[in-house]
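J.: Just to be clear, the model below is a prediction. Sequence and coordinates:
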Amino acid sequence: MAVRVCERLRPLLKTSHLSPISFVRKAAIAKAKYGGRHTVTMLPGGGIGPELMAYVKEVFRFAGVPVDFETVSIDPQSEGNEDLEYAITSIRRNGVCIKGNIETKSLTAGVQSRNVAIRSELDLFVSVLHCKSYPGVRCRHKGIDVILVRQNTEGEYAMLEHESVSGVVESMKVVTAENAERVARYGFEYAKKLGRKKVTTIHKANIMKLSDGLFLETSRKVAKDYPNIQHNDMIIDNCCMQLVSNPHQFDVMIMTNLYGAIVSNVVCGLVGGAGLISGINYGDHYAVFEPGTRNTGTAIAGKNIANPIAMLSASVDMLEHLGFHYHATNIRKAIEYTINEDRLHTLDLGGTSSSTDIVHNVLKRIEKLTEGHNWMGKSY
Ligand code: ATP
């Protein structure tokens, strides 16, 4: 058993020869560009994923976005890994991917989540969520604007579990100095780039003294390179309480994998739920865009009630990453008008609009915004 665990740890511990700050747009450079068009991988995933992807395609077609999709469907029931391997090869080729959540049905030990496998295989070491309130969405707190920077490939998601003796199960949380540094540096660089003032490291180093201790110590060390950014830290349980009572104290937050999953859901819940906020997975070579809370939404699939905004926002993030700023700005503005001015909201936000009502309104808004311009944004 011990040998098998060590073997499985090896990929997590492999060292990168790239500079830890190679992230800023030098990272994840899109490769598949032919005649001014980009090809990106689309993984619709399960549940509401396929219908949300259809909306993305509809919006892109309408807005004349020069992006082609290579769609790869992954069957959650399949025993083998062929479709997963094909998906990973496609992302390697295209450099960029938009994805829905791929359901992991099996509770059998050793059956890996395909979402986790994609992130690990492509070394997408960091996940970034920009959680910002929409003024048109009624929530307990107004004006939230928090950036979450989450370690994305190790920690509690190492999936190294075994039953050492009958009735005793051990689960390994893996923190490596290298990945802790990459994430911390990413967080501080991101804060610097956006002119943010404060970075908070979230941890449980009072209990997990070695693993979270290393994560915290590493971020403290990295913080010394950014004297103009205030750095503090907070224990995860207090962090959840502070988030719901006074979220405005947070600016940029850095955390390990599982705390990231929890905090993302708390903050997305504070600004309106699972259907609004997008998330980006970055590595040194690839970028994968998806809804921030990574839900499958199986129960609401096919009912025309899913909120399409998180996936549309993920597609806008992707356009910005690809450098299609004109299209990205128009679609983002159309989304904001739809939510804030036209006040069209789906059920999850307390509204009565269907998914397609929202998408059609976004199209109408794009039409207004682009009147008198050609597809490259030049007026005629
Ligand atoms: P799963 O294994 O299905 O991903 P989960 O617990 O991670 O389970 P879901 O059940 O898929 O998450 O989603 C959590 C909640 O968020 C559900 O109530 C779901 O209906 C809701 N939800 C997720 N995505 C959306 C969306 N785009 N629009 C509206 N509601 C959504």
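T.: It's in.

J.: Spit out the contact partners of the nearest residue to D251 once chain neighbours are set aside.
T.: Spatial nearest neighbour of D251, excluding adjacent residues (Cβ to Cβ, 6 or more residues apart in numbering): K198 at 4.1 Å. C-beta: built from backbone N, CA, C; applies to glycine. K198 sits next to 191, 229-232, 250-252 when contact means Cβ atoms under 8 Å, 6 or more residues apart in numbering.

J.: In helices only, show me the residues you listed.
T.: Counted as lying in helices by DSSP state H, out of these, are A191.

J.: Drop the exposed ones from the contacts of K198 and show what's left.
T.: 191, 229, 231, 250-252 (16 or more other Cβ atoms under 10 Å).

J.: ok, of those residues, which one's closest to the ligand?
T.: F250 (22.7 Å; Cβ to the nearest ligand atom).

J.: Tell me the secondary structure at the residue nearest to the closest one when sequence neighbours are not counted.
T.: Leaving aside its chain neighbours, F250 sits nearest to V146 (4.8 Å; criterion: Cβ to Cβ, 6+ apart). Three-state call for V146 (DSSP: H, G, I helix; E, B strand; the rest coil): strand.

J.: Could you check how many residues crowd around V146?
T.: Residues lying near V146 (other Cβ atoms under 10 Å) number 23.

J.: For the ligand, see how far away it is.
T.: Separation of V146 from the ligand (Cβ to the nearest ligand atom, to the nearest Å) stands at 20 Å.

J.: ok, now Y55?
T.: Y55 is 11 Å from the ligand, by Cβ to the nearest ligand atom.

J.: Likewise for N281?
T.: From N281 to the ligand the distance is 16 Å (Cβ to the nearest ligand atom).

J.: so that residue touches R150, yeah?
T.: No - using Cβ atoms under 8 Å, N281 is not in contact with R150, being 9.4 Å away.

J.: Next, N228: phi, psi?
T.: Main-chain torsions, N228, degrees, to the nearest 10: phi -90, psi 0.

J.: Tell me the confidence at it?
T.: On pLDDT, N228 comes in at 97.

J.: Grab the nearest non-local neighbour of it.
T.: N228's closest residue in space is K192 (Cβ to Cβ, 6+ apart), at 7.7 Å.

J.: tell me which residues in the strand or helix carrying L214 are buried?
T.: L214 belongs to helix 211-223 when assigned by DSSP states H and E. Neighbour counts over helix 211-223 (16+ other Cβ under 10 Å) mark 211-219, 222-223 as buried.

J.: At the contact with the ligand, which residues of the stretch 251-380 of the chain appear?
T.: Neighbours of the ligand within the stretch 251-380 of the chain, by Cβ under 6 Å from any ligand atom: 274-275, 295-300, 306-307, 310, 348.

J.: Switch the buried residues of helix 211-223 over to JSON lines; also include distance to T71.
T.: Listed next are the buried residues of helix 211-223 as JSON lines, based on distance: Cβ to Cβ, whole Å:
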{"residue": "S211", "distance to T71": "39"}
{"residue": "D212", "distance to T71": "40"}
{"residue": "G213", "distance to T71": "44"}
{"residue": "L214", "distance to T71": "40"}
{"residue": "F215", "distance to T71": "37"}
{"residue": "L216", "distance to T71": "42"}
{"residue": "E217", "distance to T71": "44"}
{"residue": "T218", "distance to T71": "39"}
{"residue": "S219", "distance to T71": "39"}
{"residue": "V222", "distance to T71": "39"}
{"residue": "A223", "distance to T71": "42"}
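
J.: ok, back up a step: quick check: beta-bridge partners of the residue nearest to D251?
T.: Note on K198: beta-bridge partners Q230, judged by DSSP bridges.

J.: D212 is in contact with T201, isn't it?
T.: No - judged on Cβ under 8 Å, D212 makes no contact with T201 at a distance of 9.5 Å.

J.: one step back: give the contact list for the residue nearest to F250.
T.: Residues near V146 by Cβ under 8 Å, 6+ apart: 131-132, 247, 250-253, 267.

J.: at 7 Å what do you get?
T.: Residues in contact with V146, defined by Cβ atoms under 7 Å, 6 or more residues apart in numbering, are 131, 247, 250-251, 253, 267.

J.: Which pair in those residues has the greatest spatial separation?
T.: D251 and V267 (12.3 Å; Cβ to Cβ).

J.: returning to that earlier point: what's the spacing between the residue nearest to F250 and S133?
T.: Distance of V146 to S133, computed by Cβ to Cβ, to the nearest Å: 10 Å.

J.: which helices and strands sit right next to the helix holding L214?
T.: Judged by 3 or more Cβ pairs under 7 Å, 6 or more residues apart in numbering; DSSP states H and E, helix 211-223 is in contact with helix 177-193, strand 198-203.

J.: which residues of the stretch 51-200 of the chain fall in helices?
T.: For the stretch 51-200 of the chain, the helices defined by DSSP state H, counting those that start in this stretch occupy 82-94, 114-121, 177-193.

J.: Export the ones you listed to a markdown table and append columns for distance to the ligand and mean pLDDT.
T.: Listed next are the helices of the stretch 51-200 of the chain as a markdown table, based on distance: least, Cβ to the nearest ligand atom, whole Å; pLDDT from 0 to 100:
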| stretch | distance to the ligand | mean pLDDT |
| --- | --- | --- |
| helix 82-94 | 17 | 94 |
| helix 114-121 | 10 | 93 |
| helix 177-193 | 23 | 97 |
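
J.: Of these, flag the one that's most buried.
T.: helix 177-193 (a mean of 22; mean count of other Cβ atoms under 10 Å).

J.: For that one, name the packing helices and strands.
T.: strand 126-132, strand 145-151, strand 198-203, helix 211-223, strand 252-255.
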